[in-house]
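Asks: any chance you could fold what I've pasted below:
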Amino acid sequence: MAEAAGNVLLNSEIPGIPVLRGKVRDVYDFGDRLLFIATDRISAFDWVLPTGIPDKGRVLTRISEFWFGLLEVDHHLLSMDPRDVPLPAGVDPVPLMGRSMVVRKTSVFPVECVVRGYLSGSGWKEYRKSGTVCGIALPEGLVESDRLGAPIFTPATKAVTGHDENIPFERMSEIVGAETASTLRDLSQSIYRKASEYARSRGIIIADTKFEFGTVDGKIYLIDEVLTPDSSRFWPADQYRPGSGQPSYDKQFVRDWLESTNWDKNSPPPALPLDVVERTRSKYVEAFERLTGQSFA
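Replies: Prediction:
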């Protein structure tokens, strides 16, 4: 394993096994099972940064494990032990512990199932221009971060690189079929409502989130990471004030610091200073501890 200083795993190495490397995760293909390894890489503005966030991958993995256990929905998680796949001889499983998920291999629907309960991000930008979010008309007079009367479903296409593209529900129906699109919409909204109620009881607002689903033999499974600070917008409930952007449990410190530099966002990004790394790590850990009631240590 390639383990950088400071207990940061930036890249995993399992020789001889097909791998797909995303911005922050390495996925190894073992036939009917996949091994998901959440690294400590962090991305911003469509760039993977040269500096990792210690323990970030373990935090995200443990949050996903928590939600898979709490939600009453079919999901792809089989095991948290990387030794439950046939690792080649010589591969040390120790650096993978706590950041790995052995999952069922599914046929993945090529859409992101996004649910928004609050007006933020790209939704807020669209609303300011047209009064809509992904073509869905909203009441007049809403302000940034307002809670919506009811959560809305705003699918997007999955992008390998760059930003996902928001699409209308009708386009999603063309891609996956009308019946499947309705099933995924209803399932996504149901999961979001249950998760939001639980998170609010723990002092966290889930402003929006994205889910992915796949099938095996016609059965739909919730897949990928789920309801983490990387796939969702988490806000501290006790600081919620509509009318502006909100504090969040994600890479806010990273984005703010990058915006304060002269980086042009078109060339390799600079390394992060230690204080930004430490503050970002603390936010990820705080999200885990608030949600689960467990100590990360």
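Asks: next, residue 236: phi, psi?
Replies: Residue 236 adopts backbone torsions of phi -70, psi 120, taken as degrees, to the nearest 10.
Asks: tell me what it is bridged to.
Replies: Here residue 236 sits in beta bridges with residue 204, going by DSSP bridges.
Asks: and the pLDDT for it?
Replies: The pLDDT attached to residue 236 in the predicted structure is 96.
Asks: contacts only, for it.
Replies: Residue 236 is in contact with 203, 204, 205, 246, 247, 249, counting by Cβ atoms under 8 Å, 6 or more residues apart in numbering. For glycine as for every other residue, the C-beta is placed from the backbone atoms N, C-alpha and C.
Asks: could you tell me how many residues sit around the second one?
Replies: To tie it back to what came earlier, the one meant is residue 204. The local packing of residue 204 (other Cβ atoms under 10 Å) involves 23 other residues.
Asks: dump the residue contacts of it.
Replies: Contact criterion Cβ under 8 Å, 6+ apart gives 234, 235, 236, 237, 249, 287, 290, 291 as the residues in contact with residue 204.
Asks: for those residues, which one is nearest residue 113?
Replies: Each of the contacts of residue 204 was checked against residue 113 using Cβ to Cβ; the closest is residue 234, at 18.0 Å.
Asks: where's that closest one, which helix or strand?
Replies: Under the criterion DSSP states H and E, the helix or strand holding residue 234 is strand 232-236.
Asks: re the thing from before, make a PyMOL selection of the buried ones in the contacts of residue 236.
Replies: Restricted to buried positions by 16 or more other Cβ atoms under 10 Å, the PyMOL selection for the contacts of residue 236 reads:
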select buried, resi 204+205+246+249
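Asks: picking that back up, which of the contacts of residue 204 count as buried?
Replies: In these, burial by neighbour count holds for 234, 235, 236, 249, 287, 290, 291, counting by 16+ other Cβ under 10 Å.
Asks: wait, doesn't the fourth one sit right on residue 289?
Replies: No - in this structure residue 249 lies outside contact range of residue 289 using Cβ atoms under 8 Å: 10.6 Å.
Asks: below-threshold pLDDT in the stretch 101-250 of the chain: ranges please.
Replies: Under the criterion pLDDT under 70, the flagged ranges of the stretch 101-250 of the chain are 159-163.
Asks: mind jotting down where the strands sit in it?
Replies: 107-108, 111-118, 132-133, 136-137, 147-153, 156-157, 165-166, 204-216, 219-223, 232-236 (DSSP state E, counting those that start in this stretch).
Asks: now for the first one, which elements pack on it?
Replies: Think strand 107-108. The elements that strand 107-108 packs onto, with contact taken as 3 or more Cβ pairs under 8 Å, 6 or more residues apart in numbering; DSSP states H and E, are strand 204-216.
Asks: one step back: ok, so of the buried ones among the contacts of residue 204, who is nearest residue 272?
Replies: Nearest to residue 272 among the buried ones among the contacts of residue 204, counting by Cβ to Cβ, is residue 249 at 17.7 Å.
Asks: identify the residues contacting that closest one.
Replies: For residue 249, the residues meeting the contact criterion (Cβ under 8 Å, 6+ apart) are 204, 229, 234, 235, 236, 283, 284, 286, 287.
Asks: quick check: the two most widely separated of the residues you listed?
Replies: Pairwise distances across the contacts of residue 249 (Cβ to Cβ) peak at 14.5 Å, for the pair 235 and 284.
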